[in-house]
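**Q** Kindly generate the corresponding structure for this input.
(2 chains)
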Amino acid sequence: MTVGTAIKAKHQRLVLLVIALVVLVAAALLAAWALRNQASYFYVPSDIVANPPEETRGVRLGGMVERGSLRTEADGVTITFVVGDGKARVPVTFKGIVPSLFVEGSGVVAEGHMGVDGTFVADNLLAKHDENYVPRQMQDMSKDQAQQVMRETK
Amino acid sequence: MIAELGLAALWLAAALAGLQLIAGALALTPRGASLAGVVRPVAIVQGVLALLAFAALIYLFAVTDLSVKLVAMNSHSLKPLVFRVAGAWGNHEGSMLLWVTVMGVAGGLVALVERRLPEPTMLATLAGQAFVSLGFYAFLLIASNPFERLLPVPQEGNGLNPLLQDLGLAFHPPTLYLGYVGLSIAFSFAVGALVTREVGPAFAKAMRPWVLGAWIFLTIGITAGSYWAYYELGWGGWWFWDPVENASLMPWLAATALLHSVSVLASRDALRAWTVMLGVIAFSMSMIGTFLVRSGILTSVHAFAVDPQRGSFILALLAINIGGALTLFGLRASSVTEGERFAATSREGALVFNNVMLSAILGIVLFGTLYPLLAEAMGAKVSVGPPYFNPMSALFAVPMLVVLAVGPLLRWRRDSFRRIGKEMVIPAMLVIAGVLAMVLVGGVSLLATLGFALALGLAWASVLPLKGRNLRRTPLPIWGMVTAHLGIAVSLLGMSCESAFSVEKLVAIRPGEATEVGPWQVKLDAIEPVAGPNWTALEARLLVRYGDKGRVIALEPQARSFWAPPQQTSESALLTRWNGQLYTVLGGEADQGRWQLRLWWKPFVTLIWLGGLMIALGGLLALIGRVAADIRRIVARDKIEYRRERQGRAGRYS
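**A** Purely as a prediction, here's the structure:
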């Protein structure tokens, strides 16, 4: 057996090109399919109340931390608070160390998923950090939905 | 005065880049051939001028000249000197100046030392480099002048983002930039070779050290950036699939593929068009990364300023450079003659396979990074994170790692698996043992199990190329390959162990109380206020002990408050043992005098970055080996010429 018969075609380059293209197209299709299932969507409280996502799906919830709603549980590390956008309110629980700029009355983006009882279980909180690091979703929420959020965080 | 000098140097450098482009292009035509001699000197002077401009900016930052807008916006006289200097590139304008400086200097170096290529290819390469540079000079001078003055002069500067006031981070951007921009040389070589249709081993050999150099810097930059994110952000993770991390990973993936295909081209004269294509793609990824980071369309610590004008400027540059190069490729690729052929089971075949897998991973990462932008254009706000990136990249990384274990043992041109079958027995057994061990441990995710098992097998297989060799006479590039491949195994082992065995504890305790995390006992001894040059902090003194008999060691995590600009950061405290790291973070005050503590025990986590450094070291060994060989060849050639000359003279007189 010679090299020539191993790759019968006269144009090995063409064969390689086709293989590479097939793999890359497969990768692109897979990626598109996975993105549809795995991308985590951004919600404001009125969206999440009107149309709650499945519990298994990771989403982001953005809004204002309602004044007077922030409570720490007995273990000292679990907090609960309410995120609102002026129309709807969503209770949130979070276990962990809160970002230093996370305070009542300011904006927050919570990453996590909806729990069974309508509580949002956050794995991570993004607070307004500094002017260089405003959670992007909060910069341009639609105006009528969350004007208050806009004013506070812009 | 210095600012004006810097600006003048910058304008002059831009003008020379224009001259370099025109002279280089004209010299390729028969009528302009007399201009050929100008191109190299112009490229060198352009590099020197760019360097001068950058030095001027560093000086302005070092002395905190507040009459310069950029300094006033981003620096503060109270900062330690090293951070004042690092502030020069810790902002948009300065980092773009660093970009053109690296481009200019790299182009100058190529003009100075590269003599292997035919002169027309060289001219086209330098013209290509000038073309890309010119776009970035224009961007700098028109849309982001770093030397702009400010009136009235403010009393004090704004300061640097406290997250960035960290020694490791001060040198992280220049390292990455050397990598990003070093790839521009590969891009220019590819363009030059396409213009003159001279794609062959000489082209690959000329390009290889540049690709290697850029790749080494990228590897170090990514490794350092990952470690920085790990200890500075205080979240305990080491890779977040943040768009900016992806922006540095994508050029690395492309450069890794390029590095391997350029080797095939240099030693076997195969994969011609593919190598040229990768040369174009690698730098395109650098530019896309810059666009994503600098345009402000992404949220990140790295996104300095949200300025749509700049975004569209970079986007235009991107479209011109990438579009132009791809068009050139489309026009010329078919006329690049086909290289040597090879069988599917051969070293080349394995390298092609890995190239395709790397490209697929690159596509996955690129797609995932751009998807939020595409979705936003269609009105949906999404973010893409580990649930997408981890399994999708693993899907292609796993077959790649398997071939990575086998490939280096295969011969060039043609081989059979039967020949190397015996050598693969032990790695295969290690893989099986690894899977069994993880199944026995239980509760380990599929990815961590696969990673652990493959790392064991790969570690063994990666040193096999040394078997049967005289180690003293083994060429450095072989050592480099073995070191880098072993580094991948080491890094993978660290990632899998971190994912499989990490223990996390989140508690609120009073001073005097103790808790446990993994094998560690942690006692909160006291909370005290401390102060630094531009910050104050609350510091926890933790007394930690490994097991029952370990020595008691103090750890001091802090919650820091900076005052210029006002911001709070948490400074984690880490304790490294040979078998892992204890990671401690101080949170806020809870009720009843309790303090929040977040503790992790991360077994073998340090292997991740050790592996990264080994990969870079492997690249360095290969680079030294290649450059030494080049120098030896040049010296030998000079000797031969000298001898000929002498003989010729002797002949004349006899």
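**Q** Check the offset of the helix or strand of chain B with the lowest mean pLDDT from the chain's centre.
**A** Each helix and strand of chain B was given a mean pLDDT (mean pLDDT, DSSP states H and E); the minimum falls on helix B:167-170 at a mean of 73. Taking the mean of its C-alpha atoms, helix B:167-170 sits 15 Å from the chain's own mean (Cα atoms, centre = their mean, to the nearest Å).
**Q** name the helices or strands packed onto the helix or strand following that helix?
**A** Sequence order places helix B:172-196 as the next helix or strand after helix B:167-170, per DSSP states H and E. If contacts are counted by 3 or more Cβ pairs under 8 Å, 6 or more residues apart in numbering or on different chains; DSSP states H and E, helix B:172-196 sits against helix B:92-113, helix B:119-138, helix B:201-232, helix B:243-268, helix B:272-294, helix B:308-332. C-beta: built from backbone N, CA, C; applies to glycine.
**Q** Ok, which of these comes nearest chain A?
**A** helix B:272-294 (6.8 Å; Cβ to the nearest Cβ).
**Q** orientation of that closest one relative to helix B:308-332 in degrees?
**A** Interaxial angle of helix B:272-294 relative to helix B:308-332 (axes from the mean of the first three to the mean of the last three Cα atoms, to 10 degrees): 180 degrees.
**Q** can you point me to the longest helix in chain B?
**A** helix B:607-653 (DSSP state H).
**Q** Report all helices and strands that that one contacts.
**A** Counting by 3+ Cβ pairs under 8 Å, 6+ apart, helix B:607-653 packs on helix B:201-232, helix B:476-501.
**Q** what's the least confident stretch among the ones you listed?
**A** Mean pLDDT values for the helices and strands packed on helix B:607-653 show the minimum at helix B:201-232, a mean of 92.
**Q** do that one and chain A meet?
**A** No - using Cβ under 8 Å from any Cβ of the partner chain, helix B:201-232 stays clear of chain A, with a minimum separation of 13.5 Å.
**Q** So which elements touch that helix?
**A** Short answer (3+ Cβ pairs under 8 Å, 6+ apart): helix B:201-232 packs on helix B:167-170, helix B:172-196, helix B:243-268, helix B:272-294, helix B:607-653.
**Q** In a markdown table: those, plus mean neighbour count and distance to B:S75.
**A** Listed next are those as a markdown table, based on neighbours: other Cβ atoms under 10 Å in any protein chain shown; distance: least, Cβ to Cβ, whole Å:
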| stretch | mean neighbour count | distance to B:S75 |
| --- | --- | --- |
| helix B:167-170 | 16 | 13 |
| helix B:172-196 | 25 | 15 |
| helix B:243-268 | 24 | 22 |
| helix B:272-294 | 25 | 20 |
| helix B:607-653 | 15 | 30 |
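**Q** Mean pLDDT lowest where, among these?
**A** The bottom spot among these, by mean pLDDT, belongs to helix B:167-170, with a mean of 73.
**Q** Name the surrounding residues that touch stretch B:139-148.
**A** Outside stretch B:139-148, the residues that touch it by Cβ atoms under 8 Å, 6 or more residues apart in numbering or on different chains are B:3-4, B:6-7, B:10-11, B:14, B:56-57, B:60, B:68-70, B:92-94, B:96-97, B:100, B:309-310, B:313-314, B:317.
**Q** tell me which residues of it are tucked away?
**A** Using 16 or more other Cβ atoms under 10 Å in any protein chain shown as the test for burial, stretch B:139-148 gives B:F139, B:L140, B:L141, B:A143, B:S144, B:N145, B:P146, B:F147.
**Q** Residues in contact with the helix or strand harbouring B:S561: which ones?
**A** B:S561 belongs to strand B:558-563 when assigned by DSSP H and E. With Cβ under 8 Å, 6+ apart as the test, strand B:558-563 has contacts from A:100, B:159, B:162, B:165, B:530, B:532, B:534-540, B:567-571, B:573, B:586-588.
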